[in-house]
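*Asks:* next come a sequence and a model predicted from it.
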Amino acid sequence: MYGTYKFSASARIGMSVMLLFTALGHFIYTSGMAMMIPDFIPLKKEFIYITAIIEILAAIGIHIPQLRPIIGWLLILFFILLLPANIKTSIDQLDYQKGTYDGNGLVYLWFRIPLQVVFISWVYISSIYYK
């Protein structure tokens, strides 16, 4: 219908696109992203592939009305659980795209932590608050 703008639907589409591109990055930069995972976690590359699949499923799931609230809450949990990997990336000065230790360091966190807050708010508003 012309003249009608669905903010929440548009936001979910945007989130899906972001999740799909991020999942693609997991397949392209697998080795570098595996370096983000703490040493005590085994099967790092497999873990990266699993998180990519989670992102793909979430990108689809937030468009299914019956699943939207639970997928929204699971995505929020997912974004929170990613924070330690981002902190490790910053401390180790990891450049996950190159798989080297000459990354941005703490500058990365000044960008990444607010971005995580944006993602969490984005999911909450578009998938939980406005169903």
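*Replies:* Cool, the structure landed.

*Asks:* the longest helix along the chain packs against which elements?
*Replies:* As assigned by DSSP state H, the longest helix anywhere in the chain is helix 68-91. Under the contact criterion of 3 or more CB pairs under 8 Å, 6 or more residues apart in numbering; DSSP states H and E, helix 68-91 touches helix 44-61, helix 106-123. C-betas here are computed from N, CA, C, even on glycine.

*Asks:* residue 129: which of those is closest?
*Replies:* Closest to residue 129 of the helices and strands packed on helix 68-91, according to CB to CB: helix 106-123, at 9.7 Å.

*Asks:* tell me the buried residues in stretch 46-64?
*Replies:* Neighbour-count burial for stretch 46-64 flags 47, 48, 49, 51, 52, 54, 55, 56, 58, 59, 61, 62 (criterion: 16 or more other CB atoms under 10 Å).

*Asks:* cool, and stretch 17-37?
*Replies:* For stretch 17-37, the neighbour count (16+ other CB under 10 Å) marks 19-20, 23, 25-26, 29-30, 32-37 as buried.

*Asks:* residue 113: which of those residues is nearest?
*Replies:* residue 36 (14.8 Å).

*Asks:* wasn't residue 41 part of a strand?
*Replies:* No - read with DSSP: H, G, I helix; E, B strand; the rest coil, residue 41 is coil and lies in no strand.

*Asks:* contacts only, for the nearest residue to it once chain neighbours are set aside.
*Replies:* Spatially, and ignoring its direct neighbours in sequence, residue 41 is nearest to residue 47 (6.4 Å; CB to CB, 6 or more residues apart in numbering). Neighbour list for residue 47: 34, 37, 41 [criterion: CB atoms under 8 Å, 6 or more residues apart in numbering].
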